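**Q** dropping the sequence and predicted coords here.
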Amino acid sequence: MERLFSLAGQTAVITGAAGHLCGCMAAGIAQAGANVVLFDRDADAVSRGVAAIQSNGGRAIGAVGDVRDRTVHERALAEALAKFGSVDTLINGAGINAPTPFLEITEDEWNKIIGVHLTGTLLGCQVFGAQMLQQGRGSIMNMSSASSGPPLSRAFTYSVAKSGVKNLTQNLAREWAHQGVRVNALRPGFFPTEWSREHFIDEDRGRAILGHTPMGRYGEPEELLGAVIWLASPAASFVTGAEIQVDGGFTCMTI
C-alpha cells in the first residue's frame with residue numbers, strides 16, 4: 001500500500017501555489033515525498049512556501065510569474081527539469097474571482113478572470129503536458145469548482161471559466177489516455193478564504209450554502225489532500241477524465 005500511494009521521486013508543479021488551497025496541496029505533496037515547484041505571481045509568498053517545505057525536510061523550488069504568459073510556464077518547466085529531472089504531476093490551481101453583477105462586468109474583468117482560469121490552464125497543459133507526453137507518463141489535475149455547472153450566483157465569469165476548465169479536462173483526457181498522461185479535475189465545494197467571506201459569503205448566503213451541504217459545514221484545505229495524492233499516485237493509474245468532488249455532498253443535494 002505504501003508503494004501504491006507513494007510520490008517518492010516524483011516532481012509536482014503547482015500553479016497558484018501561494019493560495020489558500022494550493023499552498024496546502026504543495027505542502028501535502030511534499031510530505032508525501034514529491035519534489036515541488038511552487039508557481040505563483042506572488043514572489044514573497046512563493047519564497048515563504050518554499051522555505052516552509054524545506055524546513056520540514058522537503059525539496060522545493062519557486063517559479064514566479066503570471067500563468068497567462070507562456071514564457072513563464074516554459075521557464076518553470078526548464079527550472080523543474082534542471083533541478084529535478086522530470087515533471088510527473090501538474091496542478092493548474094491559479095485563480096481569481098469577482099462578485100460583479102452581470103450587466104456591470106467589464107471586458108477587462110472578463111478577460112482577466114477567463115485568462116487566469118482558462119488560458120492559464122490551457123498553457124499549463126500545453127507546456128507541461130508536452131513534457132509528460134515525451135516522458136510517456138504524467139498526471140494533470142485542473143481545478144474545477146462546484147460552480148462548473150450548475151453555476152453559482154455572484155460568480156458569473158468564474159463559473160463560465162470553470163465550465164470551460166471541466167470541458168478542457170475531458171477533451172485532454174480523451175486525447176492523451178493512450179499516451180500515458182492522465183488528466184482529471186478536482187471539484188472543491190466551499191473552502192472559504194478571508195476574501196470570499198468578505199465578498200461572497202454574507203450571513204444569508206452562508207446559511208444557504210450550509211443548508212445545501214449535507215455535512216453541514218465548510219471544508220478544510222487539508223481535506224483535499226487525499227484526492228490530490230491519490231490522483232498523483234500509481235493508485236489512480238486507470239483514472240482519467242474524472243471530476244472528483246470534494247464538497248461535503250454539495251453536488252448531490254436537491255431538496
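**A** Structure received. Residues are numbered from 1 along each chain as shown.

**Q** how near is Asn92 to Met253?
**A** Distance of Asn92 to Met253, given as Cβ to Cβ, to the nearest Å: 27 Å. C-beta: built from backbone N, CA, C; applies to glycine.

**Q** which of the two has more neighbours?
**A** Using other Cβ atoms under 10 Å, the more surrounded residue of Asn92 and Met253 is Asn92, with 30 against 12.

**Q** so what's that one up against?
**A** 15-16, 67, 120-121, 124-125, 140-143, 165 (Cβ atoms under 8 Å, 6 or more residues apart in numbering).

**Q** and Thr100, how many neighbours?
**A** Thr100 sits with 16 neighbouring residues when counted by other Cβ under 10 Å.

**Q** my guess is it contacts Asp108. True?
**A** No. When contacts are counted by Cβ atoms under 8 Å, Thr100 is not listed as touching Asp108 (11.1 Å).

**Q** report the rounded mean pLDDT for the helix ranked longest in the chain.
**A** Under DSSP state H, the helix in the chain containing the largest number of residues is helix 156-176. This predicted structure assigns helix 156-176 an average pLDDT of 97.

**Q** what's the end-to-end length of stretch 188-208?
**A** Separation of the first and last residues of stretch 188-208 by Cα to Cα, to the nearest Å is 17 Å.

**Q** quick one, helices of the chain?
**A** In chain order, the chain shows helices spanning 2-5, 20-31, 43-55, 70-84, 107-114, 120-135, 156-176, 194-199, 203-211, 225-232, with DSSP H as the criterion.

**Q** and the fourth one with helix 120-135, angle?
**A** An angle of 40 degrees separates the directions of helix 70-84 and helix 120-135 when computed by axes from the mean of the first three to the mean of the last three Cα atoms, to 10 degrees.

**Q** put the alpha carbons of stretch 230-237 into CSV.
**A** Taking Å, rounded to 0.1, in the frame of the first residue of the first chain, the C-alpha atoms of stretch 230-237 are listed here in CSV:
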residue,chain,number,x,y,z
TRP,A,230,-4.4,9.6,-4.9
LEU,A,231,-4.7,11.3,-8.4
ALA,A,232,-0.9,11.8,-8.5
SER,A,233,-0.1,8.3,-7.3
PRO,A,234,0.0,4.9,-9.1
ALA,A,235,-3.2,4.1,-7.2
ALA,A,236,-5.1,6.2,-9.8
SER,A,237,-3.4,4.7,-12.8
